[in-house]
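Participant: predicted model follows, preceded by the sequence.
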Amino acid sequence: MELFDVYSLFNVTPVKACGCTVWDDKGTEYLDLYGGHAVISVGHSHPKYTAAIKAQLDKIGFYSNSVINPLQTELAHKLGKVCGYDDYSLFLDNSGAESNENALKLASFHTGKDRVIAFHKSFHGRTSGAVAVTDNPAIISPFNANHRVTFCNLNDAGSVEAELKKGDVAGVIIEGIQGCGGINVPDDSFMQNLRVLCDRYGAVLIADEVQSGYGRTGRFFAHQWSGIKADIITMGKGIANGFPCGGILISPEFKASKGLLGTTFGGNYLAMAAANAVLDIITEEKLVENAGKVGEYLKGAVPQSDKIKEVRGRGLMIGIEFNEPVAEIRSRLLFEKHIFTGVAGKNMVRLLAPLILKQSEAETFINSLKQLL
């Protein structure tokens with residue numbers, strides 16, 4: 001049997017990693033500035049993280065959600081204090097895509113309506129329900145025909161209000177910062193207008209913080225830069241530093257009932273051990289503050305060049321948009337300078353480094369980029 005060939009692969013085989021460093025099977029050392037799509041939040045193989053998983057594995061790794069799991073309660077209490085949503089409820093699932101599906105379900109159940117407003121260049125996951133709220137041509141599926149989604153332009157409050165006035169919108173879903181769509185940062189005033197409009201027309205405001213959350217931007221959630229609260233916040237990726245885990249924070253306005261939501265693997269013991277360790281590390285090592293500080297240094301230090309159109313983002317969620325395709329420069333960064341980076345579209349290098357990134361490591365990237373430019 002062969003693997004289903006859907007990924008374009010670099011000829012690199014990682015076998016070991018620590019912090020922001022990765023080694024391949026030939027012993028070559030790489031600087032990781034992508035963290036597996038923002039998944040590695042507290043660094044590879046953090047000793048407290050690995051110890052927590054190993055200790056839990058010796059006890060119990062999985063059982064269904066039909067029994068009490070005190071690690072879930074522990075995570076809910078810690079998360080509420082750290083993120084500023086301590087009066088909200090937590091539902092645990094497996095991934096960011098599942099989190100967004102559950103958020104859309106709750107919005108529909110809560111309002112009795114069935115239409116969603118999303119934004120051009122958005123990305124909210126790859127499963128059937130979530131793929132319906134992205135207009136990325138690379139991943140649109142036939143399932144889209146079965147969902148009622150309207151796309152508005154980012155930062156255009158007038159178009160959003162025009163749709164809300166029709167009275168059939170269950171919710172508005174927006175990324176704290178658009179990731180796959182090109183590190184597009186919503187205006188703070190626009191986010192504030194969305195909050196007002198959702199309240200005015202009885203729609204649920206869903207903040208997709210799967211990629212932009214968990215401290216990545218220098219605030220725990222990116223939408224908190226605008227000073228608003230969302231009704232539902234979706235999480236994934238960095239929540240457990242690579243162990244599959246996701247979740248949603250739910251406003252007290254929503255009432256839980258037995259059977260309303262469900263999941264098979266969500267909130268399992270191993271995932272909770274990982275997620276609790278991540279929150280402990282983020283808090284103890286002040287990684288939210290570090291992401292803001294080092295990220296702003298990195299963003300401001302990107303060299304000026306005729307090849308570079310714009311640098312945007314917040315904290316350690318940075319996009320460097322070029323005036324030309326970036327495939328060659330990413331390849332040279334990897335194979336000549338041994339630095340992993342990501343991409344958004346054809347013209348953007350996307351940086352999603354672990355939140356532990358040091359300024360000296362950021363300088364390594366900057367110096368390498370200067371040399372290649």
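Facilitator: The structure has been received and is ready for your questions.

Participant: residue ranges with poor pLDDT in the protein?
Facilitator: 126-147 (pLDDT under 70).

Participant: all helices of it, in order?
Facilitator: 35-38, 47-57, 70-83, 96-111, 128-131, 157-164, 188-201, 269-284, 287-301, 327-335, 359-372 (DSSP state H).

Participant: the third one vs helix 287-301, what angle?
Facilitator: This points to helix 70-83. Counting by axes from the mean of the first three to the mean of the last three C-alpha atoms, to 10 degrees, helix 70-83 lies at 50 degrees to helix 287-301.

Participant: name the surrounding residues that touch helix 70-83.
Facilitator: 56, 85-90, 92, 220-221, 249, 267, 269, 272-273, 275-276, 279-280, 282-283 (C-beta atoms under 8 Å, 6 or more residues apart in numbering). The C-beta positions use only the backbone N, C-alpha and C, and glycine is treated the same way.

Participant: CA atoms only for that helix, dumped as PDB, please.
Facilitator: What follows is helix 70-83, C-alpha atoms only, in PDB (Å, rounded to 0.1, in the frame of the first residue of the first chain):
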ATOM      1  CA  PRO A  70     -10.900  15.700  36.500                       C
ATOM      2  CA  LEU A  71      -8.200  16.800  34.000                       C
ATOM      3  CA  GLN A  72     -11.000  18.400  32.000                       C
ATOM      4  CA  THR A  73     -12.200  20.400  34.900                       C
ATOM      5  CA  GLU A  74      -8.600  21.400  35.800                       C
ATOM      6  CA  LEU A  75      -8.100  22.700  32.200                       C
ATOM      7  CA  ALA A  76     -11.300  24.600  32.300                       C
ATOM      8  CA  HIS A  77     -10.400  26.400  35.500                       C
ATOM      9  CA  LYS A  78      -6.800  27.200  34.300                       C
ATOM     10  CA  LEU A  79      -8.000  28.400  30.900                       C
ATOM     11  CA  GLY A  80     -10.700  30.600  32.300                       C
ATOM     12  CA  LYS A  81      -8.200  32.500  34.500                       C
ATOM     13  CA  VAL A  82      -5.500  32.800  31.800                       C
ATOM     14  CA  CYS A  83      -7.700  33.900  28.800                       C
END
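
Participant: reformat the helices of the chain as CSV; add mean neighbour count and distance to H120.
Facilitator: As requested, the helices of the chain are exported to CSV (neighbours: other C-beta atoms under 10 Å; distance: least, C-beta to C-beta, whole Å):
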stretch, mean neighbour count, distance to H120
helix 35-38, 22, 21
helix 47-57, 15, 37
helix 70-83, 17, 28
helix 96-111, 23, 17
helix 128-131, 21, 15
helix 157-164, 17, 10
helix 188-201, 17, 14
helix 269-284, 22, 32
helix 287-301, 19, 24
helix 327-335, 15, 24
helix 359-372, 16, 29
